[in-house]
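> The following comprises the amino acid sequence and a computationally predicted model.
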Amino acid sequence: MGDADNLLAEIETLEDRLSAAKAEITRRFIGQERVVDLTLAALLCGGHGLLIGLPGLGKTRLVETVGTVMGLESKRVQFTPDLMPADILGSEVLETSADGSRAFKFIEGPVFCQLLMADEINRASPRTQSALLQAMQEQQVSVAGQERDLAKPFHVLATQNPIEQEGTYPLPEAQLDRFLVRIDVGYPDLATERQILLATTGVSEKAVQTIFSAQELLAAQAVLRRMPVGEDVMESILDLVRALRPDEAGASERVRETVAWGPGPRASQALMLTVRARALLQGRLAPDASDVIAMAKPVLKHRMALNFAALARGESLDSLIEAGIAETARLKDVA
């Protein structure tokens, strides 16, 4: 059996496992299939996800369920204004042994896990938020002058309240860029909310089952990176990302007038990975233009910003990205 046949068999096996994982997750996090798909896509790509939505929409429940189903060692940090970096990373303490000698001992913080839930991440100060930067990018932390490796896989799923709420701090742009996808969690529709009421207000709920293990998730991430991506899909990604940069030669007049800064190369990398993940989750062997369109907003919205004039006019990043898709030659016919 050749390499192509082996890859095909691995993809087909992985698709079946992912289908089972999705079914298990949606038993506890009812409806909102797109939110589940984006969360799984972040894990399949080896990245991190930022879930944005009002309190009470099930964000915490989703992360807890995903951790169980994917077989990951999970820890949770509730971000508050008085949270310090050491509360996340850990710290050294002076320990006295039985013979009276003293030595420093490192006490690991909650970041030493496979899935860290950063709950209400924008309620902590920027200093504390930035403590996660090195962990998210390099999968290691520096404490007391020593670098310490984190577990593999290592993922952060952070929840965030809308920035307009009182007592919140905007995330630093550099940290936002480390999140592979932004996942907007909205209100459920009527039918979904009815199912939620029936499933969650009884005497008990069924426990979810573990479908993956940490090692199987690492293997899935390796399979995803071997999935083929057509030349047209890659060119579509490049055309779209570059069209949203105000300093780019081919940028539209609207982009030049409204965008303060556009998406960088990390956005292109994120799209290249997430289109594969979406194809995999939908049971296809390779991504197409529809995947680029579907993943554009989750990948790009938190990696660009409008200027003050555009905000005053009521412009939105959603409409700007939609316009970019409509103007991208390889995407506009599909859109």
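Yes, it's here. Numbering: from 1, shown residues only.
> Quick check, pLDDT for Gly2.
pLDDT, Gly2: 59.
> My error: substitute Gly167 in the last question.
pLDDT, Gly167: 66.
> where do the strands sit along the stretch 101-250 of the chain?
For the stretch 101-250 of the chain, the strands defined by DSSP state E, counting those that start in this stretch occupy 102-108, 115-119, 140-143, 146-149, 155-160, 181-184.
> nearest to Val77, of these?
strand 115-119 (5.7 Å; CB to CB). C-beta here means a position set from N, CA and C on the backbone, and glycine is covered the same way.
> and of the strands of the stretch 101-250 of the chain, who's closest to Lys75?
strand 115-119 (5.8 Å).
> hmm, back to that, mind giving me JSON lines with the strands of the stretch 101-250 of the chain and columns for mean pLDDT and mean neighbour count?
Shown next, in JSON lines, are the strands of the stretch 101-250 of the chain (pLDDT from 0 to 100; neighbours: other CB atoms under 10 Å):
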{"stretch": "strand 102-108", "mean pLDDT": "84", "mean neighbour count": "11"}
{"stretch": "strand 115-119", "mean pLDDT": "94", "mean neighbour count": "25"}
{"stretch": "strand 140-143", "mean pLDDT": "86", "mean neighbour count": "16"}
{"stretch": "strand 146-149", "mean pLDDT": "88", "mean neighbour count": "12"}
{"stretch": "strand 155-160", "mean pLDDT": "93", "mean neighbour count": "26"}
{"stretch": "strand 181-184", "mean pLDDT": "95", "mean neighbour count": "22"}
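> Reformat these as JSON lines; add distance to Leu306.
Formatted as JSON lines, these follow (distance: least, CB to CB, whole Å):
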{"stretch": "strand 102-108", "distance to Leu306": "41"}
{"stretch": "strand 115-119", "distance to Leu306": "26"}
{"stretch": "strand 140-143", "distance to Leu306": "34"}
{"stretch": "strand 146-149", "distance to Leu306": "38"}
{"stretch": "strand 155-160", "distance to Leu306": "19"}
{"stretch": "strand 181-184", "distance to Leu306": "15"}
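> and of those strands, who's closest to Thr13?
strand 155-160 (22.2 Å).
> Which neighbouring elements make contact with the closest one?
Using 3 or more CB pairs under 8 Å, 6 or more residues apart in numbering; DSSP states H and E, the elements in contact with strand 155-160 are helix 33-44, strand 49-52, helix 59-69, strand 115-119.
> mind listing what's buried in the helix or strand following the third one?
Read that as helix 59-69. Once the chain leaves helix 59-69, the next helix or strand it forms, by DSSP states H and E, is strand 74-78. By 16 or more other CB atoms under 10 Å, the buried positions in strand 74-78 come out as 74-77.
> any idea of the pLDDT on the residue with the largest distance to the centre of the chain?
Centroid-distance maximum for the chain: Asp99 at 48.5 Å, with CA atoms, centre = their mean. The model reports Asp99 with a pLDDT of 78.
> Could you measure from it over to Gln140?
From Asp99 across to Gln140, the span is 33 Å (CB to CB, to the nearest Å).
> since we're on the residue nearest to Asp247 when sequence neighbours are not counted, how many residues are nearby?
Distances taken as CB to CB, 6 or more residues apart in numbering place Gly262 nearest to Asp247, at 7.8 Å, with adjacent residues excluded. By other CB atoms under 10 Å, 22 other residues sit near Gly262.
> still on that earlier bit, looking at the buried residues of strand 74-78, spot the one nearest Glu33.
For the buried residues of strand 74-78, the nearest to Glu33 is Ser74 (22.2 Å; CB to CB).
> Centroid-nearest residue for the protein?
The C-alpha lying nearest the average C-alpha coordinate of the chain belongs to Gly49 (CA atoms, centre = their mean; 1.7 Å).
> can you pull the pLDDT of it?
96.
> wait, doesn't it sit right on Val185?
No. Assessed by CB atoms under 8 Å, Gly49 is found out of contact with Val185, at 10.8 Å.
> Quick one: the helices in the stretch 201-335 of the chain, in order.
With helices called from DSSP state H, counting those that start in this stretch, the stretch 201-335 of the chain shows them at 214-226, 231-243, 253-258, 265-281, 289-300, 308-313, 317-327, 329-332.
> Save those as CSV, and put in distance to Val203 and mean neighbour count too.
Output for the helices of the stretch 201-335 of the chain, formatted as CSV (distance: least, CB to CB, whole Å; neighbours: other CB atoms under 10 Å):
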stretch, distance to Val203, mean neighbour count
helix 214-226, 33, 16
helix 231-243, 49, 19
helix 253-258, 53, 16
helix 265-281, 34, 22
helix 289-300, 37, 23
helix 308-313, 49, 12
helix 317-327, 42, 17
helix 329-332, 50, 15
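> Let me have the ones you listed in JSON lines, extended by distance to Gly145 and mean pLDDT.
JSON lines is the format used below for the helices of the stretch 201-335 of the chain (distance: least, CB to CB, whole Å; pLDDT from 0 to 100):
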{"stretch": "helix 214-226", "distance to Gly145": "29", "mean pLDDT": "95"}
{"stretch": "helix 231-243", "distance to Gly145": "38", "mean pLDDT": "94"}
{"stretch": "helix 253-258", "distance to Gly145": "45", "mean pLDDT": "92"}
{"stretch": "helix 265-281", "distance to Gly145": "29", "mean pLDDT": "96"}
{"stretch": "helix 289-300", "distance to Gly145": "36", "mean pLDDT": "95"}
{"stretch": "helix 308-313", "distance to Gly145": "42", "mean pLDDT": "90"}
{"stretch": "helix 317-327", "distance to Gly145": "41", "mean pLDDT": "92"}
{"stretch": "helix 329-332", "distance to Gly145": "49", "mean pLDDT": "74"}
